[in-house]
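Student: This is a predicted model, with the sequence first.
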Amino acid sequence: MAAPGGAIMEARALGLRFGAVEALKDVSIRIEAGSVHALIGPNGAGKSSLLNCLSGFYHPWTGAVLFEGRDISATRPPERARLGIARTFQGIQTYPSMTARENILTGFHAQMKGGVFSGLFRPRSAIRQEEEFATRAEEIIDFLELEQDRHRTVGDMSYGLRKRVDLGRALALAPKILVMDEPMAGMSPEEKGDLARFILDIRDHFGIPVVLVEHDMDVVMDISDRVSVLEFGHVIAEGTPTEVRSDARVIAAYLGGAPEAEAAA
Ligand SMILES: Nc1ncnc2c1ncn2[C@@H]1O[C@H](COP(=O)(O)OP(=O)(O)OP(=O)(O)O)[C@@H](O)[C@H]1O
């Protein structure tokens, strides 16, 4: 359920400090239901800090994080996952010695009912739940076009395929929102194209909004509905890709020396 006005998630006036460093200063953003929302900005601008505040890994010193209209600022990452906030990280989070299917099945653990006794005696409800998870895992495998790779050991896969399996684990949560930290980092152009397509499909077929930090400006401009631009812990611009790419403050921020300056200009 989105809050009035269509925002499923909001950061309100967030402030975050690390010693003398003010990583976030009065940062407010709204993630609209059914949108892909990118956070961009030069190195050290505060993008990861903001993402970590949304997913509960950092707790802002001031301000609030709202999800479906409820203040979740005090909750930790496992509770946010249970609320439906899934997160992927930079790099690979899969288990290399397990197959693609087994990795995706681990994503269902947070939803398992019962404790050790249901594991020992396996009542019918536990068996039914396992069957349901197996069916949903197959749906995710089909969606991510991993049919040929479902029984391959993840450690033997290409980086792009492993990232896809990683995404499958996040989708196993049946999230209401997906938070992704630099999903395209380290990928070939072809792998980036595939992942960009999956992100749009996640939005369109599942209706799951996606918030991502991403440095590849071509990808950001291609797939985002909204873009928030940070610089020195402030949001300096927010709008559609077309709006932000012609914003004088954004151009100045990138021409100030960030490596992705040319792509954003
Ligand atoms: N755990 C931490 N401890 C100390 N300082 C931190 C920590 N996390 C972030 N910072 C500082 O906060 C500021 C914002 O960092 P953050 O990683 O959020 O920026 P970013 O925009 O994600 O940068 P990049 O694009 O380089 O990843 C930087 O000055 C950074 O050094």
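Tutor: All right, it came through fine. Residues are numbered from 1 along each chain as shown.

Student: tell me, which helix in this structure spans the most residues?
Tutor: The single longest helix within the chain, with elements called by DSSP state H, is helix 124-143.

Student: packing partners for that helix?
Tutor: Where contact means 3 or more CB pairs under 8 Å, 6 or more residues apart in numbering; DSSP states H and E, helix 124-143 is packed against helix 100-106, helix 116-121, helix 159-172, helix 189-206. For the C-beta atoms, the positions are set from N, CA and C on the backbone; glycine is no exception.

Student: For those, please prepare a markdown table with the additional fields mean pLDDT, mean neighbour count and distance to the ligand.
Tutor: A markdown table is the format used below for these (pLDDT from 0 to 100; neighbours: other CB atoms under 10 Å; distance: least, CB to the nearest ligand atom, whole Å):
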| stretch | mean pLDDT | mean neighbour count | distance to the ligand |
| --- | --- | --- | --- |
| helix 100-106 | 93 | 21 | 26 |
| helix 116-121 | 56 | 10 | 36 |
| helix 159-172 | 93 | 22 | 18 |
| helix 189-206 | 95 | 16 | 17 |
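
Student: Quick check: residues of the stretch 1-150 of the chain near the ligand?
Tutor: 18, 21, 23, 41, 43-49 (CB under 6 Å from any ligand atom).

Student: Can I get those in CSV including secondary structure, neighbour count and pLDDT?
Tutor: Shown next, in CSV, are those (DSSP: H, G, I helix; E, B strand; the rest coil; neighbours: other CB atoms under 10 Å; pLDDT from 0 to 100):
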residue, secondary structure, neighbour count, pLDDT
Phe18, strand, 9, 96
Val21, strand, 11, 95
Ala23, strand, 25, 97
Gly41, coil, 28, 94
Asn43, coil, 10, 92
Gly44, coil, 15, 94
Ala45, coil, 24, 96
Gly46, coil, 25, 97
Lys47, helix, 25, 97
Ser48, helix, 17, 96
Ser49, helix, 25, 97
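
Student: Would you check which pair of those lies furthest apart?
Tutor: Maximum pairwise distance in those, criterion CB to CB, is 17.0 Å, between Phe18 and Gly41.
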